[in-house]
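>>> sequence first, predicted model second:
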Amino acid sequence: FKLPGKPGKPFADDWDIDRIDLKWDPPRSDGGSAIKMWIIEKKSKFGLWEKAAECPGPQPKGSVRGLTEGEEYVFRIIAVNEAGAGEPSDPSDPITAEARYVKPEIDTSAMQDMVVCAGNRINYTVPIKGAPKPKVTWKIKNKVVYSDEHYDVMVQRRQTVIDIAFSKRYDAGVYTLEVSNELGTATARANVTVLDRPAPPEAPLKLSGVTSNSCNLAWGASPDDGGSPITHYAIEKMDLSRGSWVEAEITTELKVTIRSLIHKKEYLMRVMAVNAIGQSDPLPLDKSFIARNEGDVPEAPGRPEAYDWDRTFIDLTWNKPLNDGGCAIEGYIIQMKVKGSTSWRECTKITRDINKGRADDLTDQEYYFFRIVAWNSAGQSEPGPPSDAIQARPRYLAPKILTPLKDVNVKAGNNFTIDVEYLGSPDPNVDWFVDGSPLVSDERTTVSAIAPITTFHIVNCKRSDTGDIVIKLVNESGSDKGGFYFNILDVPGPPTGPIEFEDIDSNSVTISWRPPKDNGGSEITGYVIEKKDLDHAGGWVPAVNYVAPNIRSQKVPRLLEGNRYEFRVFA
């Protein structure tokens, strides 16, 4: 007789506080003699292997008694026949000696109300019981919470934890813990208060009554006091010539008069709500203002925009100044500069209060910036904000793709980007297609078009991205299209099965197969054959290291007579 083989990995079939019943698969080989006994060995978490029980064969099951409640054990099995004891099995997964059926319980003393300041930790570590293993659910304000970058939720055998390392104001509310299994449900609650700075006062911050030394401000109440009453509002001002914020006023009301301005100085204002924790983020004035009385020069006009154009002119319109300085606006001056230049020059003067005008004598295809100056009897305003770069070009021009397009090969896993230059006026609609279907942006693909460039960008290319890509440009003056073949190179697919056996003898076999349906974007360079000996429980090993790409039938040598084999072929 031979010693028996290695039994299968044991697993728990039943258990209690001092007992675990185990089952396992018998060894593949009994050594020629029936299994007459099983030896069960145990090991605690930090202990050594020791005999736990002996069980009569041949049935592969047994029970270990006299265990310590709550202790975690692993077990292994040894088969015994007439020749003696064989090799131990692989150890079981850790198994705990505990009651199999326990109604859920929560240690509610660990769920106490708490008050924290924003940024501090919120942590509940709560002992729980329940068997079978209960379902544990944490809720905040009746919404189930899972682990993410903000919340850390852990469920262990005897406790559960919810941890928020850096609390936010929105973490305040009722925290509910539910523990349930087939025997029932246990619930515990606690109220969490998070104190924080208040929210900014409600927008807008309104400016009125500007004089040479004062102004009035008004705002809405802060929508969230941060859990602590708002004590006052702090108002700060910035003289733009100095560039620093200084305190201007403190008030408990929702309005204030600032009386410390200097004539002709330009200011920004902001207001903050203040509670016992600190002050809110500021609510700023949407734009600066100049401390002056009525009768001054106008405020600056708005940013100009083009509403008509051609090769030699651009027609502009803009918003009139919000404040005419107390005197009627008498006209506007259009200033321009060529893109790349630093100097502005006057190009058109308009002698009436009309907010549109033409810039003439321009150069075809050149880019220009424009800005507007308003004037009244008191003088000229500051220049308004400049326009975006505007090109002197034909208003109506059929689209045309300018970039030559060529077929592209890209290795799978790499990224690919192509910028395609085009022209057309008005700016054409740009659409990308792959094999006739629209190509749209997703988590890997980005398609964009900002005249005169359209861009296709894709990351982590896959074989399935292969196809004919077409770009279509359309505007009211015509259309154009172009394309290229986008080929992703990857390893070939598997050869087409099944593998057929053509000739078998005592130490070799001839097999055949068909080529793969997908060659991965390039010609097949060869095949590799692997074998697996089923009678010796071995893994896959090389059988033939190279087969020419035009050959799909190959003799596999060096086989053992009487053994069973599996074969597989790689392209």
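Received the coordinates, thanks.
>>> contacts and neighbour counts: CA atoms only from here.
Fine.
>>> first to last residue in stretch 50-64, what's the distance?
Taking C-alpha to C-alpha, to the nearest Å, the first and last residues of stretch 50-64 lie 12 Å apart.
>>> buried sites along it?
Within stretch 50-64, the residues that qualify as buried are A52, E54, C55, G57, P58, P60, K61, G62, S63, V64, counting by 16 or more other C-alpha atoms under 10 Å.
>>> the last one: which element?
Read that as V64. Taking DSSP states H and E as the definition, V64 sits inside strand 61-65.
>>> do the same with the second one
Assignment of secondary structure by DSSP H and E places E54 within strand 50-56.
>>> which residue ranges form the helices in the stretch 1-150 of the chain?
Per DSSP state H, counting those that start in this stretch, the stretch 1-150 of the chain carries no helices over any range.
>>> and the strands in it?
Counting by DSSP state E, counting those that start in this stretch, the segments of the stretch 1-150 of the chain that form strands are 11-15, 19-23, 37-44, 50-56, 61-65, 72-81, 84-85, 95-96, 102-106, 114-117, 122-131, 135-140, 143-144.
>>> coming back round to it: pLDDT of the strand holding E54, averaged?
Rounded to a whole number, the mean pLDDT of strand 50-56 is 92.
>>> next: stretch 231-239.
Taken as a whole, stretch 231-239 carries a mean pLDDT of 94.
>>> how about it as CSV, C-alpha atoms only?
The C-alpha coordinates for stretch 231-239 follow below in CSV (Å, rounded to 0.1, in the frame of the first residue of the first chain):
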residue,chain,number,x,y,z
THR,A,231,-23.3,88.3,15.9
HIS,A,232,-22.6,90.9,13.2
TYR,A,233,-21.5,91.7,9.6
ALA,A,234,-18.0,93.0,8.8
ILE,A,235,-17.5,95.2,5.7
GLU,A,236,-14.1,95.7,4.1
LYS,A,237,-12.9,98.0,1.3
MET,A,238,-10.0,97.9,-1.1
ASP,A,239,-8.4,100.9,-2.7
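>>> what about the residue most central in space within the chain, distance to K411?
With the centre of the chain defined as its mean C-alpha position, the nearest residue by C-alpha atoms, centre = their mean is E443, 9.3 Å away. Spatial separation of E443 from K411 under the definition C-alpha to C-alpha is 19 Å.
>>> which residues are in contact with stretch 301-319?
Contacts with stretch 301-319, where a contact means C-alpha atoms under 8 Å, 6 or more residues apart in numbering, come from 320-322, 355-365, 370-374, 383-387, 390, 392-395.
>>> need the CA coordinates for that stretch. CSV is fine.
Below are the C-alpha coordinates for stretch 301-319, written out as CSV (Å, rounded to 0.1, in the frame of the first residue of the first chain):
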residue,chain,number,x,y,z
PRO,A,301,-18.7,101.1,-22.0
GLY,A,302,-19.1,97.3,-22.4
ARG,A,303,-17.0,94.9,-24.3
PRO,A,304,-17.5,95.2,-28.1
GLU,A,305,-18.7,92.3,-30.3
ALA,A,306,-18.8,91.9,-34.0
TYR,A,307,-22.2,91.6,-35.7
ASP,A,308,-21.0,91.9,-39.4
TRP,A,309,-17.7,91.7,-41.2
ASP,A,310,-15.9,91.2,-44.5
ARG,A,311,-12.3,91.2,-45.7
THR,A,312,-11.7,95.0,-45.0
PHE,A,313,-14.2,96.0,-42.3
ILE,A,314,-15.8,94.8,-39.0
ASP,A,315,-19.1,96.3,-37.6
LEU,A,316,-19.2,96.4,-33.8
THR,A,317,-21.8,96.8,-31.1
TRP,A,318,-21.4,97.2,-27.3
ASN,A,319,-23.3,98.0,-24.2
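>>> buried stuff in it?
Taking 16+ other C-alpha under 10 Å as the criterion, stretch 301-319 shows 301-306, 309-319 as buried.
>>> what mean pLDDT does it have?
If you average the per-residue pLDDT over stretch 301-319, you get 93.
>>> among the buried residues of stretch 50-64, which pair sits farthest apart?
Considering C-alpha to C-alpha, no two members of the buried residues of stretch 50-64 lie farther apart than A52 and P58, which are separated by 18.2 Å.
>>> can you tell me the closest non-neighbouring residue to P394?
Leaving aside its sequence neighbours, P394 sits nearest to D310 (C-alpha to C-alpha, 6 or more residues apart in numbering; 4.4 Å).
>>> separation between the one you found and L48?
Using C-alpha to C-alpha, we find D310 at a distance of 91 Å from L48.
>>> and for K400, the neighbour number?
K400 is flanked by 19 other residues according to other C-alpha atoms under 10 Å.
>>> V74 too?
19.
>>> quick check: it touching S89?
No. Applying C-alpha atoms under 8 Å, one finds V74 not in contact with S89, separated by 11.5 Å.
>>> what residues are shared contacts of the two?
Residues touching both V74 and S89 (C-alpha under 8 Å, 6+ apart): there are none.
>>> check contacts around N81.
With contacts defined as C-alpha under 8 Å, 6+ apart, N81 is in contact with L3, P4, D30, G31, S33, A34, I35, K36, M37.
>>> identify the farthest-apart pair in those.
Of all pairs drawn from the contacts of N81, the greatest distance, 13.6 Å, lies between G31 and M37 (C-alpha to C-alpha).
>>> give me the low-pLDDT residue ranges for the stretch 251-400 of the chain?
Along the stretch 251-400 of the chain, the model assigns pLDDT under 70 to residues 294-295.
>>> show me where it has strands.
255-258, 266-274, 283-284, 289-290, 305-309, 314-317, 329-338, 345-350, 356-359, 367-376, 379-380, 390-391, 397-401.
>>> as JSON lines, the ones you listed with distance to T176 would be great.
Output for the strands of the stretch 251-400 of the chain, formatted as JSON lines (distance: least, C-alpha to C-alpha, whole Å):
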{"stretch": "strand 255-258", "distance to T176": "42"}
{"stretch": "strand 266-274", "distance to T176": "32"}
{"stretch": "strand 283-284", "distance to T176": "36"}
{"stretch": "strand 289-290", "distance to T176": "52"}
{"stretch": "strand 305-309", "distance to T176": "57"}
{"stretch": "strand 314-317", "distance to T176": "60"}
{"stretch": "strand 329-338", "distance to T176": "65"}
{"stretch": "strand 345-350", "distance to T176": "69"}
{"stretch": "strand 356-359", "distance to T176": "64"}
{"stretch": "strand 367-376", "distance to T176": "61"}
{"stretch": "strand 379-380", "distance to T176": "67"}
{"stretch": "strand 390-391", "distance to T176": "60"}
{"stretch": "strand 397-401", "distance to T176": "62"}
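>>> what about stretch 74-90, start to end distance?
Between the start and the finish of stretch 74-90 there is a gap of 10 Å, counting by C-alpha to C-alpha.
>>> quick one: it to chain centroid distance?
Its chain's C-alpha centre and that of stretch 74-90 lie 51 Å apart, by C-alpha atoms, centre = their mean, to the nearest Å.
>>> quick check: buried residues in it?
By neighbour count, and taking 16+ other C-alpha under 10 Å as the criterion, the buried residues in stretch 74-90 are 74-82, 85-86, 88-90.
>>> would you point out the most distant pair within those residues?
Across the buried residues of stretch 74-90, the two members that end up farthest from each other (C-alpha to C-alpha) are V74 and E82, 27.2 Å apart.
>>> bridging residues for P127?
Partner residues in beta bridges with P127: Q159, with DSSP bridges as the criterion.
>>> same question but for F289, I mixed them up
Following DSSP bridges, F289 is listed with bridge partners Y267.
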